[in-house]
Structure formats: C-alpha cells, structure tokens
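Asks: Kindly return the folded structure for what I paste below:
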Amino acid sequence: MEIDPKPDSENAALVLVKQGAEARVFESVFAGKRSIIKERFSKKYRHPALDSKLTLKRLNAEARCMTKARRLGVLTPVLYAVDPVIHTLTFEYVEGPSVKDVFLGIGSTGVFQERLTDIATQIGDAIGKLHDGGLVHGDLTTSNMLIRNGTNKLVLIDFGLSFTSTLPEDKAVDLYVLERALISMHSSCGNVMDLILAAYKKSSKQWSSTLNKLAQGTAVSCDKGAASEQWLDEPPFEKSVKDFDLMQWKKGVKDLGRVVRLKPEIVKRGSSWFSFNLAAIGIYVCVSANNGENVLGRKLFWT
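Replies: Alright, predicted model coming up:
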C-alpha cells in the first residue's frame with residue numbers, strides 16, 4: 001500500500017518535495033502542525049512478501065536511529081508517527097536552509113568565516129556525539145543538515161542509511177563521505193573539514209582510532225606496487241536500473257583492476273566478481289583484476 005497524492009485522492013493535501021531511489025518525501029500537516037512525511041515505497045522487482053518485510057525493517061530502523069540520535073544530544077526533527085501499513089514516517093518540518101545552500105552562498109550572500117566556523121563546529125560536535133553513542137549516520141552530506149531559523153542550530157536529517165556500530169572503520173567511512181561531499185560541492189569553503197575534525201576531536205572520546213582509520217582509508221590501495229586511484233562514472237541517479245546498462249558499467253569497473261572509489265549516493269546490485277548497490281550508498285571499494293576480491297571495506301551498505 002502506498003500514498004496517492006493525486007488531486008482526487010484522500011491525500012490531496014500532500015505536496016511532493018523530493019523523490020529518491022528508496023523513498024518519497026512529502027510536505028503535509030499533522031495535528032495542525034506543518035510536517036514532513038517520508039514514504040518508503042515498494043520495489044516491483046522484489047517478491048511482495050520479501051519487499052514488505054524489508055521495507056518495514058528499514059522503516060523501523062530509521063525511526064530507531066533518529067530517536068537514538070536525539071537521546072545522544074543531537075538535534076533531529078521530532079518524530080510524530082510511524083505507520084507500518086503504508087510504510088511512512090511523519091516528523092517535524094524544520095524551517096531553515098540546508099547547510100549545502102548556506103555553504104554555496106559563500107561570496108554571493110556574504111557568509112563570513114565566523115558563521116562558517118560556527119556551523120563546522122556544530123557539525124563536528126554532532127558527529128562526535130553520534131559516534132560515541134555507537135551510531136553511524138551513513139549519509140553525511142550537507143544536504144542532510146539543516147540550520148534552524150531563529151536559533152541557527154544544526155539539525156541532522158535522513159537517517160535512512162544509519163546503523164549502529166562501534167567499529168572505528170564504520171565511523172571513518174561516515175567522515176569520509178562528508179569529506180568527499182565538501183570537496184566536490186564546497187571547495188570555496190577552504191578548510192571547513194579541518195574545522196569539523198577539530199570539533200569532532202573535542203566532542204568524541206574515541207576520536208583517535210576513528211581518525212587513524214580515516215587517514216589509512218584514504219591511502220589504501222589494492223596493488224601495493226602500482227595501484228592508482230580513479231573515479232569511475234556511476235549509474236546516473238535519475239535513471240532506473242532497467243534503463244541503465246549495468247553489464248557495461250560493471251565491465252568498466254573490472255577493467256580498471258585498481259582502486260575504484262564510487263561517489264557517495266549510488267551503489268547497488270551485485271555480481272560474482274564485485275558487489276555493489278545502485279540505490280544505497282557505497283563509498284570506497286578496492287577491486288582486484290585477478291580475483292575480484294573486495295580488499296577494502298567490510299561494509300558495502302547492503303539494501
């Protein structure tokens with residue numbers, strides 16, 4: 001069962017805000033309050049019984065992770081309701097821009113170093129609290145961080161890929177995703193990642209092991225002799241799996257036979273020589289041309 005936001009449906013008040021590979025996000029009203037509804041929709045390629053079970057499992061996991069983050073002292077939207085029948089989460093609508101929009105406004109809207117430092121400090125502090133509490137966000141990008149109007153406080157959103165872990169490797173991957181997002185989208189912000197890590201060190205009691213793994217991860221290679229690091233074009237996000245030439249893309253990965261780093265946002269589906277996922281998040285994968293062994297990374301964030 002899914003939400004129907006068409007004009008003649010009972011959910012006509014819903015306004016579609018965003019649609020991703022795993023969920024749709026609507027703006028609505030809940031108990032007289034402006035709210036957001038996130039719907040995890042069914043996947044037609046999966047068996048209906050399995051699909052329902054997996055969708056419900058992930059829905060509950062997201063709700064638990066968001067609730068746990070608040071208990072750890074991290075600001076998140078208030079969760080209003082969980083509907084296990086139509087697979088939706090209803091939570092508070094947060095008034096304010098995303099950190100992405102704030103950072104992109106540097107220069108054109110007069111975002112100064114003082115505000116940049118304040119936001120970076122809040123980001124590092126929030127991530128430190130999550131990690132020390134055994135929670136990994138899984139999708140730390142500036143689009144998933146909001147600055148609440150009036151208070152200028154950081155609010156973390158979208159815990160759809162979050163999971164619990166105490167392993168430094170998992171926490172390091174969390175930071176690595178953020179680092180790549182900052183490099184690709186916010187190069188004009190200068191040393192913002194350094195500011196975030198400085199705040200992270202103050203917030204986290206376990207920062208040393210995590211940052212050591214982060215440093216190691218950026219230097220890992222599959223072939224110690226002549227390995228190189230390359231970007232590989234990922235499946236376009238706007239295309240569905242059936243419209244994408246999956247075999248040709250896999251061949252491109254295999255032919256590299258070196259370190260392959262997949263941009264955060266898209267990795268899914270699997271094969272005998274290389275495991276990846278086209279709708280979840282995949283970070284940093286080493287591929288061996290000889291046997292296809294996944295040398296780096298215990299987790300590929302299966303969905």
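Asks: What ranges does the stretch 1-150 of the chain have for its helices?
Replies: Chain-ordered helices for the stretch 1-150 of the chain, with DSSP state H, counting those that start in this stretch as the definition, fall at 48-71, 99-104, 113-132.
Asks: What does the pLDDT read for residue 170?
Replies: The model reports residue 170 with a pLDDT of 93.
Asks: Next, it: secondary structure please.
Replies: In terms of secondary structure, residue 170 is helix; the call rests on DSSP: H, G, I helix; E, B strand; the rest coil.
Asks: I'd assumed residue 134 was in contact with it.
Replies: No - the pair residue 170 and residue 134 fails to qualify as a contact (CB atoms under 8 Å) at a distance of 9.7 Å. All C-beta atoms are positioned from the backbone trio N, CA, C, and that covers glycine.
Asks: ok so, going back, and the helices of the stretch 1-150 of the chain as CSV, adding mean neighbour count?
Replies: Formatted as CSV, the entries for the helices of the stretch 1-150 of the chain read as follows, by neighbours: other CB atoms under 10 Å:
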stretch, mean neighbour count
helix 48-71, 16
helix 99-104, 20
helix 113-132, 20
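Asks: Distance to residue 31 and mean pLDDT for those - can I get that in a markdown table?
Replies: Supplementary listing: the helices of the stretch 1-150 of the chain in a markdown table, determined by distance: least, CB to CB, whole Å; pLDDT from 0 to 100:
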| stretch | distance to residue 31 | mean pLDDT |
| --- | --- | --- |
| helix 48-71 | 18 | 94 |
| helix 99-104 | 29 | 91 |
| helix 113-132 | 28 | 95 |
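Asks: To residue 141, which of these lies closest?
Replies: Shortest distance between residue 141 and those, using CB to CB, is found for helix 99-104: 7.4 Å.
Asks: Which segments of this structure make up each domain?
Replies: Here the chain is described, according to automatic domain parsing, as comprising the domains 15-92, 99-217, 229-286.
Asks: deepest of those domains, which one?
Replies: domain 99-217 (a mean of 19; mean count of other CB atoms under 10 Å).
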